[in-house]
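[1] Below: sequence and its predicted model.
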Amino acid sequence: MNRYAIIVGAGKGERMGSDIPKQFLELNGLPVLMHTMRRFHESVSPRLILVLNVHFHDYWEGLCDQYDFRIPHELIKGGVTRFDSVKKGLKAVKGKGVVAVHDAVRPLASHQLIRNCFETARDKGSAVPAVPSRESLRRGSLDRSESVSRDEYFLVQTPQCFDSTLLRRAYRQEFRNEFTDDASVVERSGQPIQLVEGEFNNIKITYPDDFRIAELLLTDKK
């Protein structure tokens, strides 16, 4: 099985409140993005395709020199939207295989989760990690809402893995606002989605509090 991993990190990370996008901030001695890429390299050694905002390519290369980061990867210019960035990354996927698409700011996905996603996608065509909601849920607005059963809802994560032919075909569609992740793009193309068990520790670093949680989780793993 040929394995590819498209790491999407073209966002500006404005909700972190920093001038530097959060994927480049240091987390326990190493930029977040390097933790993320190391997880993939150590678990399944895929061909790594890194999609970044073109204005940060030189900055990233400087970080690689600074931290002596030598994991092989191909650097791709990001798009305006996540959809565009994944589409650009797919152009670097040559031949058939399984493609993972992963958020640059999810540095805690375990080796077992990554392997499971690749293996399930090989057998089923897709693998999307998800965890059940731990909280009670309400639907509506602050002024008017109704209770819904949390048993019917899942929180979706990455890496989302797909057969390469299936994913390329899905990304030939025109962009729609409902495309919030790769699973929604593939599902819209008519393909069913296979969920796999995700991990509650596989957090996406979005706000400063997430950063502090990630620091604690990484420390616990040492």
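    Arrived safely. Residues are numbered from 1 along each chain as shown.

[2] just the strands in this protein please.
    3-9, 26-27, 30-31, 47-52, 74-77, 98-103, 126-132, 137-140, 145-148, 154-156, 160-163, 195-197 (DSSP state E).

[3] and the fourth one with strand 3-9, angle?
    Translated: strand 47-52. Counting by axes from the mean of the first three to the mean of the last three C-alpha atoms, to 10 degrees, strand 47-52 lies at 10 degrees to strand 3-9.

[4] and strand 47-52, which strands flank it?
    Counting by DSSP bridges, the strands paired with strand 47-52 are strand 3-9 (parallel), strand 74-77 (parallel).

[5] What mean pLDDT does the shortest one get?
    Here the mean pLDDT over strand 74-77 is 98, rounded to a whole number.

[6] re earlier: need the strands paired with strand 47-52 in CSV (columns: distance to Arg39).
    To be clear about C-beta, it is placed using only N, CA and C from the backbone, and glycine gets the same treatment. As requested, the strands paired with strand 47-52 are exported to CSV (distance: least, C-beta to C-beta, whole Å):
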stretch, distance to Arg39
strand 3-9, 10
strand 74-77, 18
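
[7] Lys91: which of those is closest?
    Comparing the strands paired with strand 47-52 against Lys91 with C-beta to C-beta, the closest turns out to be strand 74-77 (7.8 Å).

[8] Enumerate the positions of that closest one that are buried.
    Ile76 (16 or more other C-beta atoms under 10 Å).

[9] Run the chain-centre distance for it.
    Here strand 74-77 is found 16 Å from its chain centre; the criterion is C-alpha atoms, centre = their mean, to the nearest Å.

[10] For it, C-alpha coordinates in CSV please.
    Extracted in CSV, the C-alpha atoms of strand 74-77 (Å, rounded to 0.1, in the frame of the first residue of the first chain):
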residue,chain,number,x,y,z
GLU,A,74,7.3,18.1,-0.1
LEU,A,75,6.3,21.8,0.5
ILE,A,76,3.2,23.0,-1.4
LYS,A,77,1.6,26.4,-1.7
